[in-house]
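**Student:** 3D, please:
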Amino acid sequence: MKWMLFDSGIKYLISGLSLLMLSSIGSSLGGLQIVEATDSQEASFAESSQEFVRDSKVFKTVDEALQYARDHFDYEKHQQFYVRWVKENEYAIDWEMKGASSEDETSDTSQDAPSHTESAYQVSEKELDNASFYLEGMNIPNRIDFNFKDGTVLLTRYDEAADKYINLSTYKMEVEEIPTETIKVNLENTREVQVNSKIKIGDHLEGELQNYGNVEYYAFYNKHGGISIATPNYAGNVEDAQSDIMLEYTEKQ
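**Tutor:** From the prediction side, this is the model:
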């Protein structure tokens, strides 16, 4: 067992095939030292772990994960974060959430307090702005484009014969941060995902596709590290047991 200690306070702990990175926000890389960890140091490190929330985004390198964690660190909600080795060329982030550690608090206080996981799965507007999301299929929009400057979303269908997108239609749109919810996506390979970003699609503004408004989308990070958009199943034609499964649009066509 070895500790890899940065002079700035960032710590890497290697244990077999697991890699943990502990960082206080505001630290910066530099001055790497490597020392053996004593039993008491290992125990102290383990005991410091309280409540963790796994970020749904994955990374190919430690550097990518570290940069993402620093960019998305929230002083009000995060105590610190860990970058965990998952498998070769795949790393994940676990957030240690701030919150009361005392077990003596009343249940009423716990219920009134904000959820520790409120923003763990939030997708920023910056990442969604001017991004395009695609899904093949009949009787559904095949492409979704967000424009946060105008507060609109553009829905289009793909005409295979003409090899272009047609039926350009615009709707009002706004994003809302919500407490963590669990939704189901993808009819073929259904899975549950956690979300904090709700996109409200409002009134139809212009264009031929007029029946896709006044619904809710959700944005989340998928297992490939990209962003997915969950929408209602516009195509319909599903059994009642599948009525709550949403369509999943991804950035890659």
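**Student:** the stretch 51-200 of the chain: helices as residue ranges?
**Tutor:** Assigned by DSSP state H, counting those that start in this stretch, the helices in the stretch 51-200 of the chain fall at 62-72, 107-112, 125-128.
**Student:** let's have these in CSV, adding mean pLDDT.
**Tutor:** CSV is the format used below for these (pLDDT from 0 to 100):
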stretch, mean pLDDT
helix 62-72, 77
helix 107-112, 31
helix 125-128, 91
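**Student:** output the ones you listed as TSV; include the columns distance to Ile199 and mean neighbour count.
**Tutor:** The way it works is simple: take the backbone N, C-alpha and C, and place the C-beta from them, glycine included. Listed next are the helices of the stretch 51-200 of the chain as TSV, based on distance: least, C-beta to C-beta, whole Å; neighbours: other C-beta atoms under 10 Å:
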stretch	distance to Ile199	mean neighbour count
helix 62-72	19	16
helix 107-112	28	8
helix 125-128	8	15
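**Student:** in CSV: those helices, plus distance to Val238.
**Tutor:** Shown next, in CSV, are the helices of the stretch 51-200 of the chain (distance: least, C-beta to C-beta, whole Å):
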stretch, distance to Val238
helix 62-72, 35
helix 107-112, 36
helix 125-128, 27
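**Student:** correct me, but Arg54 touches Tyr91?
**Tutor:** No. In this structure, Arg54 is not within contact of Tyr91 by C-beta atoms under 8 Å, at 11.7 Å.
**Student:** the two: who's more crowded?
**Tutor:** The neighbour comparison of Arg54 against Tyr91 (other C-beta atoms under 10 Å) goes to Tyr91, with 21 against 15.
**Student:** what's that one in contact with, if anything?
**Tutor:** 19, 58-62, 64-65, 83-85 (C-beta atoms under 8 Å, 6 or more residues apart in numbering).
**Student:** distance across stretch 206-213, terminal residue to terminal residue?
**Tutor:** End-to-end span of stretch 206-213 (C-alpha to C-alpha, to the nearest Å): 11 Å.
**Student:** confidence-wise, which helix or strand of this structure is lowest on average?
**Tutor:** Lowest on mean pLDDT, DSSP states H and E among the helices and strands of the chain sits helix 107-112, with a mean of 31.
**Student:** His224 and Leu168: what is the separation?
**Tutor:** Distance, His224 to Leu168, by C-beta to C-beta, to the nearest Å: 28 Å.
**Student:** which one of the two is surrounded by more residues?
**Tutor:** Leu168 (15 against 12).
**Student:** do you know the pLDDT at that one?
**Tutor:** Note on Leu168: pLDDT of 89.
**Student:** Trp95 touches Lys57, doesn't it?
**Tutor:** No. Trp95 lies out of contact with Lys57 (C-beta under 8 Å); the separation is 11.5 Å.
**Student:** quick one, which of the helices of the stretch 51-200 of the chain is nearest to Asn214?
**Tutor:** Checking the helices of the stretch 51-200 of the chain against Asn214 by C-beta to C-beta gives helix 125-128 as the closest, at 19.7 Å.
**Student:** hmm, who's touching the closest one?
**Tutor:** Here helix 125-128 has contacts from 146, 148, 175, 199, 219, 227, using C-beta under 8 Å, 6+ apart.
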